[in-house]
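Enquirer: Okay, here's the prediction I keep looking at, along with the sequence it came from:
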Amino acid sequence: MTLDVEVPQQALTKKRRVGGGFGRYVLWRALLIIPTVFILVTMVFLLMRTIGDPITASVGDRMPPDQLAERIREAGYDRPILVQYFEYLGQIFTGNFGTTISDKRPVLEVLTNFGAATLELAVFTLIVAFIVGIPLGMLAAYYRDRGADASLRVFAIFTYATPVFFSGLLLKLIFGIWLGWLPVSGRASIASELKIQMLPNPSGFYVIDAIRLGCVEILGDVLLHAILPALTLGLMTAGIFLRLVRTNMIGALGQEYVDSGRSRGVSEYRLVTKHAYRPALIPIITVIGLQIALLLGGAVLTESTFEWKGLGFQLAYYLSARDFVAVQGIVALLAVIVALSNFVVDILAALIDPRVRY
């Protein structure tokens, strides 16, 4: 009788201890976001200021010296750098990222108008990376040290090492110009964009807005325009996933429980797809957070190549215009997105594998 009472209490105590460890882990990771974002924003601010004040950099060669000095004084760029820095931090905490110099738009408006396009492209990219990278990684592990494995490893290295702009231009040439199968620029056709923009409160995510319209043709048009940009970035990320899944699955196939399955006559195919598959995916979850930064960096070249009007496209425009107020705001937002993405990935990894909580 005593044993029946003690066992549930031990189980309850263990459950409470695990839950407390997970809660502390989430709190600790959440608190780490603050210094991470603070350091990134500070680095962006200092790097932008190494070139001088933003107004001189943007319009200094097209404005008389007296007018230039007046604009610098009105913007407050003649004050000490520390004063500007703390004022900038205060503006960010209130959601004020400044006003662009080249087109006089609030930076926050640029972020909200074009951020959805970049996030949509990132989602499409991850879908391509998962569909291509994970099955090919399993296949490479299944045919370890054989011809198929060697070919897939070469494919992974090639897709990762190829510059994004080159692979984008190559895909445009093959599928857009030679074969004429896919559109090579924009997020949708002009007619579809006009209908989407006529929606009350469009979300900026064209797939969601097309679903709201209830038009299959517009949805198909949006998805067709997304194929080439998603392939360009997705294949690069798929190469990383392929090698990671292969390495971890080979390690999992060497575990004792897999050897035990072999001794019982379980087929190699079943061992790969049922027993070694899930353990090999755990590292993928942790790597996704690192890939977010890579995707956002690659989005600058990909969006410019395909005229996908997202944050990367706008960032390239503002860099060419030397509008460093806009550049500073966009990079600061991307830094926040990377920090939050890593936080979410860490929580997912902790839920899948409790060992990472301690």
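Expert: Perfect, I can see it now.
Enquirer: Please enumerate the strands of this protein.
Expert: Along the chain, counting by DSSP state E, no stretch forms strands.
Enquirer: Can you name the residues that contact the one residue sitting closest to the centre of it?
Expert: Geometric centre of the chain, nearest residue: I292, 2.8 Å, by Cα atoms, centre = their mean. Residues near I292 by Cβ atoms under 8 Å, 6 or more residues apart in numbering: A122, I337, V338, S341, N342, V345. C-betas here are computed from N, CA, C, even on glycine.
Enquirer: Report how many residues lie close to the third one.
Expert: Just to be clear, that refers to V338. 21 (other Cβ atoms under 10 Å).
Enquirer: Could you do the fifth one as well?
Expert: Residues within reach of N342, counting by other Cβ under 10 Å, total 20.
Enquirer: Hmm, A321 is touching L315, no?
Expert: No: using Cβ atoms under 8 Å, A321 is not in contact with L315, being 10.8 Å away.
Enquirer: per-residue pLDDT, L219?
Expert: Looking at L219, its pLDDT reads 90.
Enquirer: residue boundaries of the helices in the stretch 201-350 of the chain?
Expert: 206-213, 216-253, 256-263, 268-270, 277-306, 311-320, 324-352 (DSSP state H, counting those that start in this stretch).
Enquirer: how about the nearest residue to V331 once chain neighbours are set aside, what does it touch?
Expert: Using Cβ to Cβ, 6 or more residues apart in numbering and skipping residues adjacent in sequence, the residue nearest V331 is V44, 4.9 Å away. Counting by Cβ under 8 Å, 6+ apart, V44 touches Q328, V331, A332, A335.
Enquirer: which one of the residues you listed is nearest L228?
Expert: Distance to L228, by Cβ to Cβ, is smallest for V331 among these, at 26.0 Å.
Enquirer: what about that closest one, distance to V41?
Expert: 9 Å (Cβ to Cβ, to the nearest Å).
Enquirer: now do L253
Expert: Using Cβ to Cβ, L253 is found at 45 Å from V41.
Enquirer: wait, isn't P54 in contact with I101?
Expert: Yes: under the criterion of Cβ under 8 Å, P54 makes contact with I101 at 6.0 Å.
Enquirer: Mind listing the shared neighbours of the two?
Expert: With Cβ under 8 Å, 6+ apart as the test, P54 and I101 both reach D323, F324, V325.
Enquirer: Cool, thanks, signing off.
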